[in-house]
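Chemist: need a 3D model of the following:
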Amino acid sequence: MDLPRIVVNAKVYDQVTGLGAVQFATTCSAVAVEAGTVIGYAPPQVELGRVASLGLPGLAVLAQHTDSLEPGSGTGWTTAEAVQATGAVGSLLNHAEHKIGARRVGDALGRLEHLDLWSVVCADGPVEVRDLAALHPTFLAVEPPELIGGDVSVTSANPAIVSAAVATVTDLSPETLTLCGAGVKTGRDVAKARELGAYGVLLASGVVKAKDPGRALRDLASGL
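Modeler: Numbers count the residues shown, from 1 in each chain. Purely as a prediction, here's the structure:
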């Protein structure tokens with residue numbers, strides 16, 4: 001499967017709970033096939049198995065978080081083995097709403113890599129970009145927390161954050177792909193991210209809470 005340039009973190013919004021998680025997955029798949037691309041989708045953690053088992057074309061299913069714990073005693077934790085068993089292809093780590101720090105990111109990343117699972121590691125600014133790029137994740141997504149969920153994309157509010165992140169990642173981990181997030185909602189935002197050197201985008205509410213998620217996704221894909 002190709003690596004996605006659009007990754008949607010569905011968080012735990014009502015729109016993607018229960019049957020909504022499947023409906024949203026179906027929408028992502030349809031748009032991905034139409035656009036000839038792959039869309040990454042991280043559903044609520046409790047929906048991961050149901051969504052991944054659908055095996056929808058053009059859809060790369062990701063966990064929203066994975067712990068470094070090995071299988072065994074660990075109530076309430078999520079192992080890399082459990083993620084793999086669902087059929088998911090990787091996991092987000094260190095999102096602004098679930099910060100775990102560089103050391104724990106490294107531990108979890110090692111477990112994912114051991115199973116050939118992708119990692120989408122989130123960083124909130126230059127310091128984290130530098131520290132986390134050195135761990136060589138599959139993707140590194142730079143997301144200024146003050147812009148997450150807002151109406152202004154990081155590509156417009158502070159494009160230097162994106163270009164600087166790309167430069168740092170390229171220097172420290174050339175194989176890692178840079179994503180940008182926070183306020184990303186339109187194809188114009190995606191196109192601007194690409195102009196700034198990013199491989200793609202990570203977003204949430206701009207699609208999940210849209211009145212017509214399919215239309216929102218098609219707009220985003222137009223920026224590729």
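Chemist: which stretches of the protein aren't confidently modelled?
Modeler: Counting by pLDDT under 70, the chain shows low-confidence ranges at 146-157.
Chemist: which other helices and strands contact the one helix or strand Val120 maps to?
Modeler: In this assignment (DSSP states H and E), Val120 forms part of strand 118-123. When contacts are defined as 3 or more C-beta pairs under 8 Å, 6 or more residues apart in numbering; DSSP states H and E, strand 118-123 packs onto strand 59-63, strand 90-93, helix 101-114, helix 126-133, strand 139-142. Every residue, glycine included, has its C-beta placed from N, CA and C.
Chemist: what strands flank that strand, and is each parallel or antiparallel?
Modeler: Using DSSP bridges, the strands paired with strand 118-123 are strand 90-93 (parallel), strand 139-142 (parallel).
Chemist: can I get the helices and strands packed on strand 118-123 in TSV with mean neighbour count?
Modeler: Putting the helices and strands packed on strand 118-123 into TSV (neighbours: other C-beta atoms under 10 Å) gives the following:
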stretch	mean neighbour count
strand 59-63	25
strand 90-93	27
helix 101-114	18
helix 126-133	19
strand 139-142	28
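Chemist: which one of these lies closest to Lys211?
Modeler: Closest approach to Lys211 among those (C-beta to C-beta): strand 59-63, 21.8 Å.
Chemist: residues contacting the closest one, please?
Modeler: Outside strand 59-63, the residues that touch it by C-beta atoms under 8 Å, 6 or more residues apart in numbering are 1, 3-4, 7, 25, 28-29, 32, 38-43, 45, 48, 51-52, 78, 83, 86-92, 118, 120.
Chemist: just the angle between it and helix 101-114, please?
Modeler: Angle, strand 59-63 to helix 101-114, by axes from the mean of the first three to the mean of the last three C-alpha atoms, to 10 degrees: 130 degrees.
Chemist: helices or strands up against the next helix-or-strand element following strand 59-63?
Modeler: Downstream of strand 59-63, the first helix or strand assigned by DSSP H and E is helix 80-86. Secondary-structure packing of helix 80-86 (3+ C-beta pairs under 8 Å, 6+ apart): helix 48-52, strand 59-63, strand 90-93, helix 101-114.
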